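>>> Sequence first, predicted model second:
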Amino acid sequence: MKQIGILGTGMVGNTIATKLVQLGYKVMMGSRTPDNEKALAWVKAQGSHASAGTFASAAAFGEIIFNCTQGDISLEVMKQAGAGNLKNKILIDVSNPLLFVPGKLPALIPELSNTHSLGEAIQHFLPDTHVVKSLNIVNCEVMVNAARSGGEATMFLAGNNAAAKASVVEILQQFGWKDIIDLGNIEHARSTEMMLPIWLSVYTATRNGHIGFKIVR
């Protein structure tokens with residue numbers, strides 16, 4: 001089983017990292033400092049297959065890396081992780097370029113939407129890394145357990161490398177995703193990131209975060 005690095009100690013990183021340990025992967029959770037309290041608590045709860053370190057050490061550790069950081073800081077995290085540590089590796093980007101304003105629904109960062117995307121920005125910054133955009137259209141509990149959506153939802157992925165996308169599909173299937181659509185190259189990250197406003201509107205209307213999208217065809 002592959003070693004996996006997780007960039008981010010929040011709810012998304014914790015949920016994905018925990019699921020991967022349950023699946024038998026060795027997982028390192030990365031943060032800004034090697035002694036992050038959330039990361040150390042996660043390691044204590046998960047046992048021998050779990051470890052913690054900096055963003056750079058998690059990037060060096062993993063054969064596959066998950067970017068679970070907030071989209072507005074993801075590029076800075078990539079700098080800390082180090083292009084050398086990520087070279088020729090698969091980076092699964094589950095983040096979204098959301099701008100949080102108190103009292104308002106989060107909105108997409110203008111310079112990272114419509115004609116651009118966070119997924120593309122990360123790929124541009126890391127030209128020797130195989131960036132694959134996926135899982136960013138559902139909440140973290142549905143990410144790792146597709147059935148939590150209440151039906152057979154559709155999951156998308158986008159990236160420039162076919163072999164990398166095939167490896168990501170294997171992980172998606174382990175998370176329970178059966179209906180998976182490869183949208184094409186990393187430019188299609190624009191489409192999935194722009195689905196977040198729809199997700200947020202539906203959540204606001206229904207107060208149900210365990211939802212997914214279904215392409216009927």
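Great, that's in hand.

>>> Find the residue at the geometric middle of this protein.
Here the mean C-alpha position of the chain is nearest to the C-alpha of Val94 (CA atoms, centre = their mean), at a distance of 2.2 Å.

>>> you'd agree that one is up against Val142?
No. With the criterion set as CB atoms under 8 Å, Val94 and Val142 do not qualify as a contacting pair; they are 11.5 Å apart. Quick note: C-beta positions are derived from backbone N, CA and C, even for glycine.

>>> where exactly do the strands run in the chain?
For the chain, strands defined by DSSP state E occupy the ranges 3-7, 26-31, 50-54, 64-67, 90-93, 98-99, 107-108, 130-134, 154-159, 179-184.

>>> Touching the last one from outside, list them.
Okay, so that is strand 179-184. 152-158, 165, 169, 172-173, 191-192, 214-215 (CB atoms under 8 Å, 6 or more residues apart in numbering).

>>> list the buried ones in it?
Ile180, Asp182, Leu183 (16 or more other CB atoms under 10 Å).

>>> Now flag whichever of those residues is closest to Glu120.
Minimum separation from Glu120 among those (CB to CB) is found for Leu183, which lies at 12.9 Å.

>>> Any figure for the gap between that closest one and Gly71?
Counting by CB to CB, to the nearest Å, the gap from Leu183 to Gly71 is 19 Å.

>>> Skipping its backbone neighbours, what lies nearest Gly8 in space?
In space, Gly8 comes closest to Cys68 once its chain neighbours are excluded; the distance is 3.5 Å by CB to CB, 6 or more residues apart in numbering.
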